[in-house]
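Could you look at this predicted model? Sequence included:
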Amino acid sequence: MMKKILLVCCHDFEKTSGGQESCLKNRIDYFSKKYEIDVLMVSNEEKEAHLYGNVQIDYCKYPSFFEKIKQVFILFFKKIPFQTGLTISRELKHKLKKNLARKNYDIVVFDMIRLADLYKIVKKSTNAKIVLDLVDIISKRYYYSKGNILGQSRNNNKFLSHVLKFGIIKKFILRVERHRLEKSEKFYCNIFDAILLISESETRELILKTGKNNIYNLPMLISEKNFDVPKMYEKKEKIILGFAGQLKTPANYESLINILDNILPNLDFSFNFVIIGNAPNDLIKKYSSNNVSFLGFVEDFKAEMKKIDIFLCPMVFGTGIKTKILEAMAIGLPVFTNYVGIEGINVSNGDNIFVANCNEEIIEQLNTSINDCGLINKVARNGQKYVSMHHSETVVDSAFINIISSIC
């Protein structure tokens, strides 16, 4: 008999505008064939409940402006992260209770720590096992974050944007939020039946911190649709370099500016640089040129990526596994990045990826290897093999089965 799973999430995976959405979509597309899955999604848009394949999706809005003010004020005197008050609304609580009353779920999964406090509703009304998909150890982001209380998107919350304009307040809130997140990550390990992380190294790290054995590595799933015959790299008059990412994310935004300002001007070969993903108008206006193109959001991500010769993706900061790097490797592209870019994946420089310590090393790698077609094609082939061995549907399915059998 199919297990019944309710997923409560705040990433609109139908849009796949970023790494989190892409990761969630790949999991749902695959696991909905094996489990009966319903989704309750928090969204900024007004949407009607509908079917996504055989997955029933219902929606609710983020808290209203006045709800946020009230909840953030209340949370100031509690130990719960502020982002909880910016995500959990009365409507969400009501719809969660309604879903739990309508169907006898075996498992309820919460996507991200900002939704974790809803476990209390599940505990009161059902015997379902509760799972928290942390994805990454989010508290680590606050050592690098450029000032967003959600640790990820740029200016995605108008209320918060106004508050964080004040430097002293921003530093104080982010320091408090980091401390609360660290405590919450440990606390929820004692509450939930299973905690999920996509990185093996972060899984080990959280196990060491907490001493708990209910923390599991569920690898990032790269759909079979992402894989393709590796493109044969050949010498040509102009090399097409590419970058992809949701540019509302501080890590992507700052990393792209670093590439545009510090890497591209120092390359000694002719190139076109293509950026896939929605970008702010000021960025497009400043950097668009004869050899720099902003494609924005594309319907067929894989088709546009296949036009690229080399995927250039050194990250200025950021934590966890970078979806775009694994997707580029799955397509069969040679990837040039740095050690921030390969966090959470066990790859080797010159074997299945090109890795550098700094901008100068990346520039040197590109300038010296650009004409070595044999090396670049070998790295591209081995990169694809790595993703197939560690992030394929079969690998993730096996890991998920082990998790389910451990808690049910």
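Received the coordinates, thanks.

can we go C-alpha only for contacts and neighbour counts from here?
Noted.

ok, longest helix in the protein?
Ordering each helix of the chain by length in residues (DSSP state H) puts helix 167-191 first.

Run the chain-centre distance for the helix or strand just after that helix.
Next along the chain after helix 167-191, taking DSSP states H and E as the criterion, comes strand 194-197. The chain centroid and the centroid of strand 194-197 are separated by 15 Å under CA atoms, centre = their mean, to the nearest Å.

Count the neighbours of the closest residue to residue 76 other than its chain neighbours for me.
Spatially, and ignoring its direct neighbours in sequence, residue 76 is nearest to residue 82 (7.4 Å; CA to CA, 6 or more residues apart in numbering). Neighbours of residue 82 under the rule other CA atoms under 10 Å: 25.

Surely residue 82 touches residue 70?
No: the pair residue 82 / residue 70 is not scored as a contact, 11.4 Å apart, by CA atoms under 8 Å.

where does the stretch 301-408 of the chain dip in pLDDT?
Along the stretch 301-408 of the chain, no part satisfies pLDDT under 70.

Least confident secondary structure element in this protein?
helix 158-163 (a mean of 52; mean pLDDT, DSSP states H and E).

which residue ranges form the helices in the stretch 201-350 of the chain?
For the stretch 201-350 of the chain, applying DSSP state H, counting those that start in this stretch gives helices covering 250-258, 281-287, 301-305, 323-331.

what's the answer for the stretch 1-150 of the chain, then?
19-31, 65-76, 82-85, 90-102, 119-125.

tell me the most buried of those?
Burial of the helices of the stretch 1-150 of the chain is given as mean neighbour count (mean count of other CA atoms under 10 Å); helix 82-85 ranks first at a mean of 22.

Could you tell me which residues make contact with the residue of the chain most remote from its centre?
Farthest-out residue of the chain from its mean C-alpha position, per CA atoms, centre = their mean: residue 237, at 35.3 Å. The neighbours of residue 237, taking CA atoms under 8 Å, 6 or more residues apart in numbering as the test, are residue 270.

my guess is residue 189 contacts residue 210, does it?
Yes: taking CA under 8 Å as the definition, residue 189 is a contact partner of residue 210 at 7.5 Å.

Among these two, which residue is more densely surrounded?
In this view residue 189 and residue 210 are compared by other CA under 10 Å, and residue 189 has more residues nearby, 21 against 14.

for the more buried one, what are its contacts?
Per CA under 8 Å, 6+ apart, neighbours of residue 189: 195, 210, 212, 214, 215.

swap the cut-off to 10 Å and go again
131, 132, 195, 206, 207, 210, 211, 212, 213, 214, 215 (CA atoms under 10 Å, 6 or more residues apart in numbering).

go on, residue 388?
Residue 388 touches 221, 222, 223, 224, 227, 326, 329, 330, 382, 394, 395, counting by CA under 10 Å, 6+ apart.

So which of those residues are in strands?
Among the contacts of residue 388, DSSP state E puts none in strands.
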